[in-house]
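*Asks:* got a predicted model here, sequence first, then my questions.
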Amino acid sequence: MSDNKNSAPEFYVGYLPLPRSHKRFLSALVSVLVIAMLSSGALIAAAQRNPGKTDQVSTQRATWSGTVYTDPYPMMIHDDGSIHLLIGIGKFGVKDRIAPFNGKHCQADGWALARTNRSAIQLDITPDAIRETSGPIRPAPTQTTQSNEQVELIGEIVDGKCFLGAMKPGDGKAHKACATLCIQGGLPPMFAVSNQSSTTQLPLVLVNGSPTLPQSVLELVGEPIKLTATRSTLGPIEILNVNPASIQRWSGQNP
C-alpha cells in the first residue's frame, strides 16, 4: 500500500498546497518566460531608429533680450547677434502675437529648444511674455541668394518645434499628422536633409517665396521627398526656396 501511494501522480487541488513537482515546473517556466520577455524587449528597443539628439530642451523658464521681426518667420535677433525662431505653446505660431513688436527691442519669456544649427524660443502663454524694452535695435537680416543654381536635395519637411526637441520622434510618418497641424498652425517648416554626414541640415522652407505651404506640399510633410530649390541665407540661417512642382516622394537610398 505504501509503495502504491508514493508512486501515485501528484494531483493539484486549489485549496491544497501546490505539489512539489508543479512548483519545480512553474519555477522553470516563469524563469524562461521572464528571460524571453526581457530579451524580446531588448531586441525590439535595439531595432528602433534613433530619434535624434536635441542639443537643448530646457524645462527652466528663461528670458531673452533682442530685436523681434515677423518675416519670413517670427524670430528674435538676440543682443549677442544670435538668431532664435519664436514659436508658441501648442501647435500655433506667434506671428500675429508679435506683430505689434516688429522691429522693436523686446524681452521674451519662455523655454529654449535647439537642434544642430537651429534654435527656438517657445514663448510663455502669459500676456506679458513678450514686451517692449529699451535696448539696441539690430537691423533685420537681409535675405541673400547664394546662387541661382538649382540644388537637388533628399529629406523631409518637419515642423520647427517638435523636431527641435518638443517631441520625439519629431519626424517620420509616425509624426506626419502632428507636423502637418503644427505647420498649418503657423510654426516654421524646416527641411531635414538626409545625407551620410552626422550633421543634419535644417534650412527653413519657403515655397515660391512664401512662408505658407500650399496643400500639395502639406500632403508630403513627414514623408521622404526629393526636391529642387535655390539656396539663400537670412543672416546665419539657410533658406530653401522651393518650387512645389519639383517635389516628389522618394523611396530610393539616401545619398
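*Replies:* Thanks, I have it.
*Asks:* so what are the domain limits for this protein?
*Replies:* By the assignment in automatic domain parsing, the chain contains the domains 56-132, 143-249.
*Asks:* those domains: lowest mean pLDDT?
*Replies:* With a mean of 86, domain 143-249 has the lowest mean pLDDT of the domains of the chain.
*Asks:* any idea which of the domains of the chain gets closest to L18?
*Replies:* Closest to L18 of these is domain 143-249 (Cβ to Cβ; 45.5 Å). All C-beta spots, glycine's among them, are computed from the backbone N, C-alpha and C.
*Asks:* first to last residue in the closest one, what's the distance?
*Replies:* 29 Å (Cα to Cα, to the nearest Å).
*Asks:* likewise for stretch 212-230?
*Replies:* Stretch 212-230 end-to-end distance (Cα to Cα) = 17 Å.
*Asks:* redo the domains of the chain as CSV? Include distance to P19 and mean neighbour count.
*Replies:* Putting those into CSV (distance: least, Cβ to Cβ, whole Å; neighbours: other Cβ atoms under 10 Å) gives the following:
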stretch, distance to P19, mean neighbour count
domain 56-132, 55, 18
domain 143-249, 49, 18
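*Asks:* for L16, which of those is the nearest?
*Replies:* domain 143-249 (51.6 Å).
*Asks:* the domains of the chain into TSV, with extra columns for distance to L29?
*Replies:* Converted to TSV, those look like this (distance: least, Cβ to Cβ, whole Å):
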stretch	distance to L29
domain 56-132	44
domain 143-249	36
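*Asks:* of all those domains, which one is nearest I35?
*Replies:* Of all the domains of the chain, domain 143-249 comes closest under Cβ to Cβ, at 29.4 Å.
*Asks:* next one: the closest one to chain centre, how far?
*Replies:* 12 Å (Cα atoms, centre = their mean, to the nearest Å).
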